[in-house]
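*Asks:* okay, here's the prediction I keep looking at, along with the sequence it came from:
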Amino acid sequence: CPENSSYPGYCTEKIFHAAQAGCIPIYWGHDLPERGIINTNKYCYADISNKQEMHRSVVDCVKHPDKYIQGDFFTKDAKEHVQQMYSNLTTSISRLLK
């Protein structure tokens, strides 16, 4: 799931596409994606600012795929996080339209 941009608060839809296709997403981006929504053991985070850690995490993903495949993709609180994000978005849009 290579990212075309990297900045705080941005998360790509690509991580969801990869998971939906049955792949283990290897994610590059600014930070861990959607912390309150996606379980952190459902993707491999490739920290390009730390080459040794990136290598270690990708090798771990390849050697131990079951650890990424088993279990729930979404956190138990994902619904609440998405609802809050939607609420914040609609509030922001409403303020702009006034």
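*Replies:* That came through fine. Please read these numbers as outputs of a predicted model, since none were measured by experiment.
*Asks:* quick one: the strands in the chain, in order.
*Replies:* Assigned by DSSP state E, the chain shows strands spanning 26-27, 44-45.
*Asks:* I'd like those strands laid out as CSV, including distance to residue 72, mean pLDDT and mean neighbour count.
*Replies:* Backbone N, C-alpha and C define where each C-beta goes, glycine included. Compiled in CSV, the strands of the chain are given as follows (distance: least, Cβ to Cβ, whole Å; pLDDT from 0 to 100; neighbours: other Cβ atoms under 10 Å):
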stretch, distance to residue 72, mean pLDDT, mean neighbour count
strand 26-27, 17, 86, 21
strand 44-45, 17, 88, 20
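*Asks:* rebuild those as TSV, extending it with distance to residue 98.
*Replies:* Listed next are the strands of the chain as TSV, based on distance: least, Cβ to Cβ, whole Å:
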stretch	distance to residue 98
strand 26-27	37
strand 44-45	40
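*Asks:* residue 63: which of those is closest?
*Replies:* Judged by Cβ to Cβ, the one of the strands of the chain that comes nearest to residue 63 is strand 44-45, at 11.2 Å.
*Asks:* identify the neighbouring strands of the closest one in the sheet and state each direction.
*Replies:* Applying DSSP bridges, strand 44-45 is found paired with strand 26-27 (parallel).
*Asks:* could you find the closest non-adjacent residue to residue 75?
*Replies:* In this structure, residue 75 finds its nearest non-sequential neighbour in residue 39, 5.6 Å apart by Cβ to Cβ, 6 or more residues apart in numbering.
*Asks:* shouldn't that neighbour be in contact with residue 68?
*Replies:* No. Using Cβ atoms under 8 Å, residue 39 is not in contact with residue 68, being 9.7 Å away.
*Asks:* quick one, which of those two is more surrounded?
*Replies:* residue 68 (19 against 16; other Cβ atoms under 10 Å).
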